[in-house]
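Participant: got a predicted model here, sequence first, then my questions.
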Amino acid sequence: MPDIQGILADLGWPLAIAVAWLSGEFVHRWTRLPRISVYGLVGFLLAQAFPEALSSGASSNVTILANLAFGLILFEFGYRINLHWLRINPWIAVSGLVESAATFGVVYLISHLTGMPPLTSLLLASLAMSTSPAGVLRVINEEDSSGQVTERVLHLVAINSVIALFVFKVVVGFWVFQTSGSLTQAMSHSGIELLVSAAMGALMGFIMPLVLRRLGALAQDGTIAFALGVILLVAASRAFDVSPVLATLTFGLTARHKRVAFSRTERNFGGIGELLTVLLFVFAVSTLEWERVVDGAALGAVLLLARFVVKATSVAAFAHVGGVSWRKGLMTGIAMSPMSVFVTLLLEQTKYMGIVLVDELAALAAMTLLLEVVGPVITQRALHWAKETPQEEK
């Protein structure tokens, strides 16, 4: 007799991806809701119903594929960032720094006042600063959005993600080095790790365009070559225990400024990229448990509301000096709602160090689930209200 449990374990992830993809297609066609919101909701429900079939360890194939999917999205995200624009209009960078710092401060204060330990509050605040590049970029691509709000969202998300990554690494480093009590040691260790990550991405961004120019086949081979570069970077990051997030983001940023373009028809890296995206958004909520979500629901809701208000008002406050109307500034801040994928993969990476932080942050589990489902919808609505999607421009 075949082992039913073994069969379910083998088929769990392929079936979950298939069900999530079909659900996303049908719901999107009926309601126009973002597909990734449906992927997240279906993934969470399936993970609760079949926890063993959708289990994943830090070194499992599913986790590796999820990191690869995130790397592909981060490369494309980095490719959209124009550093020259930030030099021309430094107020965009200023607003990004202010909203990140304000979000960190407010979330830390609320967490601390509720009785959380200082280190736990710092971890929660550092993660709350970030906006998920994956969630934002997928909605922008799905809606074919373009304009001032779209570009500002992309650049502000890049800024707060890098800041959140650095602060998170410092706090985790201090957690690890708390026996020595040295904040300087934690910061230097985290700084070196991020510098190595950025250097790896920049090196790949320099080498790959050079190889493609030598081949003389940019139009035909660019997308495949860049995908291969991302695969190599994710693998190297795991091998050297550094951040694949910053490495792949820097790869895309460097490739853009080397003036290499890949075909627009291969946006999202084609069909394989789309498939990996489904896996990524299902994976992002498969690590959550219903009991932990319920336990952290009240505090999570308060923190999400505070995060939402702070980001929207902080960005809107710099709208006029940054060259846009107050309304567009507000829409930009509202569009920065998604958070879940970025948070999930950062927490997964800490498991390599033997730290399981999800158990410490019940409120984060509730925030992750809610923003996995609702965050992309808020971004979609903000882009529509800003009249930067084709159907709203008509």
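Facilitator: Noted; the coordinates are in hand.
Participant: gap between Ala225 and Phe251?
Facilitator: 12 Å (Cβ to Cβ, to the nearest Å). Glycine gets a C-beta too; all of them are placed from N, C-alpha and C.
Participant: host element of the closest residue to Arg138 other than its chain neighbours?
Facilitator: Once flanking residues are discounted, Arg138 sits nearest to Ile36: 5.1 Å by Cβ to Cβ, 6 or more residues apart in numbering. Here Ile36, judged by DSSP states H and E, is contained in helix 35-49.
Participant: average pLDDT for that helix?
Facilitator: Across helix 35-49, pLDDT averages out at 91.
Participant: give the other helices and strands that whatever helix or strand comes next after it contacts.
Facilitator: Per DSSP H and E, the first helix or strand lying C-terminal to helix 35-49 is helix 61-79. On a contact count with 3 or more Cβ pairs under 8 Å, 6 or more residues apart in numbering; DSSP states H and E, helix 61-79 meets helix 133-143, helix 148-176, helix 218-240, helix 244-257, helix 270-286, helix 340-350.
Participant: the second one versus helix 61-79: what angle between them?
Facilitator: Using axes from the mean of the first three to the mean of the last three Cα atoms, to 10 degrees, the direction of helix 148-176 lies 130 degrees away from that of helix 61-79.
Participant: could you point out which element follows helix 148-176?
Facilitator: helix 183-215.
Participant: go through stretch 286-296 and flag the buried ones.
Facilitator: Ser286, Thr287, Leu288, Glu289, Arg292, Val293, Gly296 (16 or more other Cβ atoms under 10 Å).
Participant: columns secondary structure and distance to His384 on top of these, output as CSV?
Facilitator: Listed next are these as CSV, based on DSSP: H, G, I helix; E, B strand; the rest coil; distance: Cβ to Cβ, whole Å:
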residue, secondary structure, distance to His384
Ser286, helix, 30
Thr287, coil, 31
Leu288, coil, 29
Glu289, coil, 34
Arg292, helix, 33
Val293, helix, 29
Gly296, coil, 31
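Participant: which SSE is the closest residue to His155 other than its chain neighbours in?
Facilitator: Nearest residue to His155 in three dimensions, chain neighbours excluded: Ile92, at 5.6 Å (Cβ to Cβ, 6+ apart). Applying DSSP H and E as the criterion places Ile92 in helix 90-113.
Participant: and that helix, which residues are buried?
Facilitator: By neighbour count on 16+ other Cβ under 10 Å, the buried set for helix 90-113 is 91-93, 95-96, 98-104, 106-108, 110-112.
Participant: sorry, back to before: reformat the helices and strands packed on helix 61-79 as CSV; add distance to Leu83.
Facilitator: Formatted as CSV, these follow (distance: least, Cβ to Cβ, whole Å):
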stretch, distance to Leu83
helix 133-143, 16
helix 148-176, 9
helix 218-240, 19
helix 244-257, 7
helix 270-286, 25
helix 340-350, 21
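Participant: quick one: low-confidence ranges for the stretch 201-350 of the chain?
Facilitator: 216-221, 258-268, 348-350 (pLDDT under 70).
Participant: about what we covered before: who touches both of Ala225 and Phe251?
Facilitator: Jointly contacting Ala225 and Phe251 under the rule Cβ atoms under 8 Å, 6 or more residues apart in numbering are Met208.
Participant: of the two, which one has the most company?
Facilitator: For Ala225 versus Phe251, neighbours defined as other Cβ atoms under 10 Å are more numerous around Phe251 (30 against 20).
Participant: which residue, neighbours along the chain excluded, lies closest to that one?
Facilitator: Phe251's closest residue in space is Gly201 (Cβ to Cβ, 6+ apart), at 4.1 Å.
Participant: could you pull up the contacting residues of the closest residue to Leu65 other than its chain neighbours?
Facilitator: Spatial nearest neighbour of Leu65, excluding adjacent residues (Cβ to Cβ, 6+ apart): Leu279 at 5.8 Å. Contact analysis of Leu279 by Cβ under 8 Å, 6+ apart lists Trp13, Ile17, Val62, Leu65, Ala66, Ala69.
Participant: how far away is Leu279 from Val167?
Facilitator: Taken as Cβ to Cβ, the span from Leu279 to Val167 is 28 Å.
Participant: can you check Leu45 too?
Facilitator: Leu45 sits 33 Å away from Val167, going by Cβ to Cβ.
Participant: equivalent analysis for Tyr108, please.
Facilitator: 10 Å.
Participant: give the residues shared as contacts by those two.
Facilitator: Common neighbours of Tyr108 and Val167 (Cβ under 8 Å, 6+ apart) are Leu122.
Participant: just the helices and strands packed on helix 61-79: most buried one?
Facilitator: Highest mean neighbour count of these: helix 244-257, a mean of 26 (counted as mean count of other Cβ atoms under 10 Å).
Participant: alright, that wraps it up for me.
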